[in-house]
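> how does the following fold in three dimensions:
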Amino acid sequence: MSTLKGRETAVGDGCVAVISPPSPDFEQLFEALPSPYMVLDRDLRYVGANRAYREVTGRTSAELIGNGLFDAFPNEGPAGERLRESLERVIATGKPDTLAFLPYPIDRNEGEPPCMRYWTVVHTPLFDTDGSVAFIVQNTVDVTELAPAGAMDATRINDNSQTRVANLFQRAREAEHAKQSLINESREFRRLFENAPSIIAVLHGADHVCTFANRAAFDFIQRSDIIGMPLRRFSPTTEGQGLRGEMDRVFASGQPWFSRGVPIRLRHCDEDGFDIRYLDVACLPIFDDGEGNGRPVGLFIEAADVTSTVRALRQKELLLAELNHRVKNTLATIQSIARQSFRPGQNMVRARADFESRLMAISHIHDLLAQSDWESAPLHDLVAGVLRSADLGSLHISGSNMLLQPRAALALGMILQELLVNAIRHGALSVARGRVDIDWRTAGDGDDAQLILQWRERNGPHVHPPATRGFGYRLIERSVPAELRGRLVMDHAPEGFGCILEMPLRIVNADGDHG
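Residues are numbered from 1 along each chain as shown. Reported below is the predicted structural model:
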């Protein structure tokens, strides 16, 4: 029965009961430990200190618990810096850290100078359920009494045992000095990594616990408290994404991974929404032997945020596709105009003039749209530009300079061009005293709002309804319903030709301003 834990006792009828020993009171055990122990949280505040620690430091529980370590024992010198760095290494790496020899003064009674003490310090991490470092246990050994006189100059000690103690003490000092030299060298490399413009992070273990991240990484994820946290905690949105899968693969296989434009969905700590970012990523395994022959124990991540570049390239592709579409449409329009302008039996001089005027109208409309990257064209500028070949004294233009959508601007510009050609050739602008009034206004609200444009010729020749419908007439009749989703009313009154165009604002207006 040696495999059973506890003590056996007979209870009758051949039955045996196992009586478990009483469980120890760990709080009492912690208090009774003869060696000084204390516990800090991640913010380096005391959460526990046993009797031996309080006695060696001369502090009470009330003076320690809840207070910061460096508030209770301030030290801005090298010793304080080394102590803080050791604690931060434990939080960052999740591994114990030892200071073999730490001179650290302790305040005595008020008014008395601090008493220099020498310590050996061991820091051990305690983890929470997700693998993050939650607390640090410090075992502090006061080795001041082992220090021989004369600043530990062993040559002044004659007793063999004291000489051995002095030599041991001296070796501890030398080991700590060598350790600090290595730390100082690594600190310089760390500074270079921290200030690097690219994102750099070091992750440890299969859970990818962050042990180092530079400023660029903090800025990218918009938080700076990730040291000691696993990836699923400080960037939960990466779960199930391609980047996380590749990181797992690199850790398992030991094979590096490089990729460009990797999408990653982030939720920033101060926002409810998500943001898609793009990274050029290098993910390299870190091996336990440091030479690439052992097993992977972590990952080195280097990444560049290329979101603006990726978006710019996609925008460029969209613009090129849109440009190709517009060029094809323009060529198709010109081809149709050419076919209609140069029909058999046409007067070639007139046909050439009509064709050139129509091309000039298209060119002017394109110039207006190009000024706004093909987002809109001002209506007043459109009307004035298309009609610029007429005598300005014969035109009266009135209306707000509202913005038109590109498709509406092209259609309306071509309609105005055909009305102008007809007025110059047959209507009011064919005589010196003739004039044309062009005005527009908006009417209605919401989806029923309309842009109403009116063309009215005055003081021209007597008007007769056309016997045939030419290219311009057919273009106007087709464009209004097809391109403008509107309605056209033509008036061939004897005193002068007129027409009214009614167009939905939601179709033609580029800025949603219904006037």
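
> can you list the low-confidence ranges for the stretch 251-400 of the chain?
Scanning the stretch 251-400 of the chain for pLDDT under 70 picks out 267-273, 290-292, 340, 345-346, 392.

> and the strands in it, which stretches?
In the stretch 251-400 of the chain, the strands defined using DSSP state E, counting those that start in this stretch lie at 257-266, 275-287, 296-305, 377-378, 395-398.

> pull up the pairing partners for the last one, direction included.
Within its sheet, and counting by DSSP bridges, strand 395-398 is paired with strand 435-443 (parallel).

> now the helix or strand just after the strand it pairs with against strand 435-443, angle please.
Next helix or strand after strand 435-443 toward the C-terminus (DSSP states H and E): strand 450-458. Per axes from the mean of the first three to the mean of the last three CA atoms, to 10 degrees, the angle that strand 450-458 makes with strand 435-443 is 160 degrees.

> what does strand 450-458 contact?
399, 402, 412, 416, 419, 423, 427-429, 434-444, 463, 495-505, 508-509 (CB atoms under 8 Å, 6 or more residues apart in numbering). In this view, the C-beta of every residue, glycine as well, is placed from N, C-alpha and C.

> what's the ChimeraX syntax to select whichever of those residues are buried?
Here is the ChimeraX command that selects the buried residues among the contacts of strand 450-458 (16 or more other CB atoms under 10 Å):
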select :399,402,412,416,419,423,427,428,429,434,435,436,437,438,440,442,463,496,497,498,499,501,502,503,504,505,508,509
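
> low-confidence ranges in the stretch 401-515 of the chain?
512-515.

> what segments of it are helices?
Counting by DSSP state H, counting those that start in this stretch, the stretch 401-515 of the chain has helices at residues 406-425, 471-483, 505-508.

> touching the shortest one from outside, list them.
What it means is helix 505-508. Here helix 505-508 makes contact (CB under 8 Å, 6+ apart) with 404-405, 408, 412, 442, 447, 449-451, 484-486, 514.

> farthest-separated two in these?
With CB to CB as the measure, no two of the contacts of helix 505-508 lie farther apart than 412 and 447, at 20.3 Å.

> domain-wise, how is the protein divided?
Per automatic domain parsing, the domain ranges recorded for the chain read 26-180, 199-305, 311-508.

> kindly reformat these as a markdown table containing distance to residue 191.
Formatted as a markdown table, the domains of the chain follow (distance: least, CB to CB, whole Å):
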| stretch | distance to residue 191 |
| --- | --- |
| domain 26-180 | 13 |
| domain 199-305 | 10 |
| domain 311-508 | 33 |
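
> wait, which of those domains is closest to residue 193?
domain 199-305 (5.3 Å).

> which residues touch residue 132?
209, 228, 229, 230, 233.

> closest one of these to residue 242?
Checking the contacts of residue 132 against residue 242 by CB to CB gives residue 230 as the nearest, at 18.8 Å.

> which residue, neighbours along the chain excluded, lies closest to the closest one?
Sequence neighbours aside, residue 207 is the residue nearest to residue 230 in space, at 4.0 Å (criterion: CB to CB, 6 or more residues apart in numbering).

> what's the one you found in contact with, if anything?
Applying CB under 8 Å, 6+ apart, the residues near residue 207 are 130, 131, 230, 231, 232.

> the second one sits in which helix or strand?
This means residue 131. For residue 131, there is no enclosing helix or strand under DSSP H and E.
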